[in-house]
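Colleague: structure for the following, please:
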Amino acid sequence: MPASTTAARGLPVAPSRGRLRPLGLDQVSIDGGFWGELQQLNATTMIEHAEGWMERLGWTGNFDAAAEGRLPADRRGREFSDSEIYKLLEAMAWEYGRTRDDAMDARLRRLAARVARAQEPDGYVNTRFGRPGQQPRYSDLQWGHELYCFGHLIQAGVARARTGHDDELVQVAVRAADHVCATFGPDGNPGVCGHPEIEVALVELFRVTGEQRYLDQARLFVERRGHGVLGEIEFGPQYFQDETPVRETPVMVGHAVRALYLAAGAADLAVEDADDELLEAVTAQTLATLARRTYVTGGMGAHHEGESFGQDFELPPDRAYSETCAGIGSIMVNQRLLLATGDVRHADAVERTLYNVLATSPAQDGHGFYYTNTLHQRVPGRVPEPDEVSPRAASSLRAPWFAVSCCPSNVTRTVASLGAYVATTDDDGVQVHQYAPSTIRAQVGGEDVVLDVRTAYPADGHVQVTVLEAPSSAWSLSLRVPSWATGATLSDAQGTREVAPGYATVSGELRRGDVVVLDLPVEARWTWADPRVDAVRGQVAVERGPVVMCLESVDLGADVATVQVATDRAPVERDGQVLVPATVLDLAEPEAWPFGTEPGAGAVAARSEQRLVPLVPYHHWANRGPSTMRVWLPTT
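Modeller: Numbers count the residues shown, from 1 in each chain. Presented below is the predicted three-dimensional model:
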């Protein structure tokens, strides 16, 4: 195994340089709390659920059919279904790396062997193209997803290598990458894939192996894009991010997941090439997208058509697409930029998206997922049948599976690798970015640091860090103070002091047994949108710590459309509930034209009632059956 692999054990992202150095699954173990419970659900239910559906629908069997010469007759699923098996393999690899569960390892090996049997001698593997009766290889770079599938295969191989193995899955991934370089190199096919993903995978494989050709190929793909190489389609070349080069793109446009995956790959490339211009371009477009094209949940993508970004401040809550995969793409980009720059805004974006997009997708029992994440459900959804495949955007409740099921497998691989987002090091010390009960092991100045983190976050804001092992010389411990946490305090041996949003740092000779406590003001607060977000003008949201809240009809006893909230006093917290003062209207059925010269035209209230109405975390909504729901609440 290359030395670079050993040094980067348990890391989904392992840059060779940057402001911060990530800590991997071997160094950070989450052992409870919000994220520990989700990781346990992933290990016991979600991965198995995804594995079962892929087998049942024949997506996994496509590899058997390829090896046995039964294609195209026996092929099942969409043109990109191979990628779901690869993401599942990646999830299994990270899960094995996290737990060293032998049964998970055995399942991974069996699945990888089936993929390996389908690989051609030249490294090509795809069950949709390239055989008699199928379209030729690379005959549909716009929509075929061949390179996208290779990207996920390579990322699965990287995960396997970084969890201690150089086995069949790793070898399949390397052969596939070699094939890509041979086919699309400087003297080969000048095209790019309609869906970015190969770029981020090739850079990471370069980091694993040290083979320069993988980095060079990633650079070719990034630099080719933006020059119309994919041709015209009905959505325009911006759908593919093929209208403007990455270096010249001021804000993300087009298909949201594609844009985010491309930005992640470009950020990786910029770091490895020490290309400050490219890094500054990706950073600028990411910060612009966060400022102008991102929902309060951290979700991205305002248009169902094209699964795409809208214009600046175009963020309609009831038409939010906010695909789960786009949320994961945002986490990928912002984590990379955090490592490269140390800018706390990226850690804040990761946290917001983790709690309000990633955590929203899976059902409490792990047997259903959201593909899209609306912020306003106008009519109660329909409970899907447990054996029903749902259209991706039409599922008004979490569905067990989708005809396009990129999101469930994306959730499983991300949840399994969450430990890698918690903490980093630099030459001076350790930085904690995301809070969970955990043990953090690092080295500073060649000496061990071991930290024990205890917290119930986000239920409350008390974070206690105990030093279990420390270097003999001075070092620093930095704890992230989120942007919303005005009034946070830090307590150590020197006393208690107020700390501003950013990083609160304790420097000096921290010793074994020392305790540092960060107290964040986790309490419900009103949140207003920039007035240019006209879709929610005159409305207000409620956040509690990093968690966005919402109103559900199951708690209200009426349609959420009947509520107006009063913001002249703060939300109330009582017995573990968040309540807001509201007027609940009993509206008669409309009988007349709903527009007029006076406020409230057409809305005849038989009566109204003033009371406190309860809110629930947005990530929890629709776990109790069909309901109407809204995040943004009209004000009185």
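
Colleague: where in the protein is pLDDT low?
Modeller: In the predicted model, the chain carries pLDDT under 70 at residues 1-7, 392-395, 601-607.

Colleague: now with 50, please.
Modeller: 1-5 (pLDDT under 50).

Colleague: state whether residue 464 is indeed within a helix.
Modeller: No. Residue 464: not assigned to a helix; according to DSSP: H, G, I helix; E, B strand; the rest coil it is strand.

Colleague: beta partners of it?
Modeller: Counting by DSSP bridges, residue 464 is bridged to residue 454, residue 517.

Colleague: that one: how many residues sit nearby?
Modeller: As a burial measure, residue 464 scores 15 neighbours (other Cβ atoms under 10 Å). Heads up, the C-betas are built off the backbone N, CA and C, glycines and all.

Colleague: now do residue 504
Modeller: 21.

Colleague: distance of it relative to residue 552?
Modeller: Look at residue 504 and residue 552: by Cβ to Cβ, to the nearest Å, they are 36 Å apart.

Colleague: then residue 68?
Modeller: From residue 68 to residue 552 the distance is 50 Å (Cβ to Cβ).

Colleague: who's more crowded, those two?
Modeller: Neighbour totals were compared for residue 68 and residue 552, and residue 552 leads with 23 against 12 (other Cβ under 10 Å).

Colleague: which non-adjacent residue is nearest the more buried one?
Modeller: residue 627 (4.6 Å; Cβ to Cβ, 6 or more residues apart in numbering).

Colleague: what's the burial count for that neighbour?
Modeller: Using other Cβ under 10 Å, residue 627 is surrounded by 24 other residues.

Colleague: over to the one 5 residues further on?
Modeller: Residues within reach of residue 632, counting by other Cβ under 10 Å, total 26.

Colleague: return the residues in contact with it.
Modeller: Contact analysis of residue 632 by Cβ atoms under 8 Å, 6 or more residues apart in numbering lists 317, 375, 376, 529, 536, 539, 540, 541.

Colleague: what does residue 130 give?
Modeller: Listed by Cβ under 8 Å, 6+ apart, the contact partners of residue 130 are 120, 124, 136, 137.

Colleague: now, which of these lie within helices?
Modeller: Under the assignment DSSP state H, the contacts of residue 130 contribute nothing to helices.

Colleague: out of those, who has the most neighbours?
Modeller: residue 124 (20 neighbours).

Colleague: what sits against that one?
Modeller: Residue 124 is in contact with 130, 137, 176, 179, counting by Cβ under 8 Å, 6+ apart.

Colleague: from the residues you listed, pick the one nearest residue 576.
Modeller: Nearest to residue 576 among those is residue 176, at 50.3 Å by Cβ to Cβ.

Colleague: pull out the buried positions in stretch 30-47.
Modeller: Residues of stretch 30-47 classed as buried by neighbour count (16 or more other Cβ atoms under 10 Å): 30, 33-36, 38-43, 45-47.

Colleague: pick out the most distant pair among those.
Modeller: 33 and 47 (20.2 Å).

Colleague: quick one: the strands in the stretch 451-600 of the chain?
Modeller: Secondary structure of the stretch 451-600 of the chain (DSSP state E, counting those that start in this stretch): strands at 462-469, 475-481, 489-492, 495-498, 502-508, 515-519, 524-527, 539-544, 547-552, 563-565, 572-574, 577-587.

Colleague: after the longest strand along the chain, next one along is what?
Modeller: When the chain is parsed with DSSP state E, its longest strand is strand 605-617. Scanning forward in sequence from strand 605-617 by DSSP states H and E, the next helix or strand is strand 629-630.

Colleague: contacting residues for the residue nearest in space to the middle of the chain?
Modeller: The centroid of the chain falls nearest to residue 328 when counting by Cα atoms, centre = their mean (1.8 Å). Residue 328 sits next to 357, 358, 410, 411, 414 when contact means Cβ under 8 Å, 6+ apart.

Colleague: just the buried subset of the residues you listed, please.
Modeller: 357, 358, 410, 411, 414.

Colleague: could you find the closest non-adjacent residue to the first one?
Modeller: The one in question is residue 357. residue 327 (3.1 Å).

Colleague: show me what contacts that neighbour?
Modeller: Residue 327 touches 298, 299, 300, 353, 357, 358, 361, 373, counting by Cβ under 8 Å, 6+ apart.

Colleague: just residue 460 next, same as before
Modeller: residue 522.

Colleague: which phi and psi does it have?
Modeller: With angles defined as degrees, to the nearest 10, residue 460 sits at phi -140, psi 180.

Colleague: same check, this time on residue 279
Modeller: Backbone phi and psi, for residue 279 under degrees, to the nearest 10, turn out to be phi -60, psi -40.

Colleague: begin at 33, not 1, for the rest of this chat.
Modeller: I'll keep to 33 as the first residue from here, and by that count the last item is residue 311.

Colleague: picking that back up, wait, which of the contacts of residue 162 is closest to residue 123?
Modeller: Using Cβ to Cβ, the contacts of residue 162 come closest to residue 123 at residue 156, 24.2 Å.

Colleague: show me what the helix or strand containing residue 213 packs onto, helices and strands only.
Modeller: Using DSSP H and E, residue 213 sits in helix 200-216. Helix 200-216 sits against helix 134-149, helix 178-193, helix 230-241, helix 244-256, with contacts defined as 3 or more Cβ pairs under 8 Å, 6 or more residues apart in numbering; DSSP states H and E.

Colleague: quickly note the distance from the residue nearest to residue 467 when sequence neighbours are not counted to residue 508.
Modeller: Of all residues not flanking residue 467 in the chain, residue 489 sits nearest, at 4.3 Å (Cβ to Cβ, 6+ apart). Residue 489 sits 22 Å away from residue 508, going by Cβ to Cβ.

Colleague: and the longest strand of the chain, which strands flank it?
Modeller: strand 579-584 (antiparallel), strand 609-619 (antiparallel).
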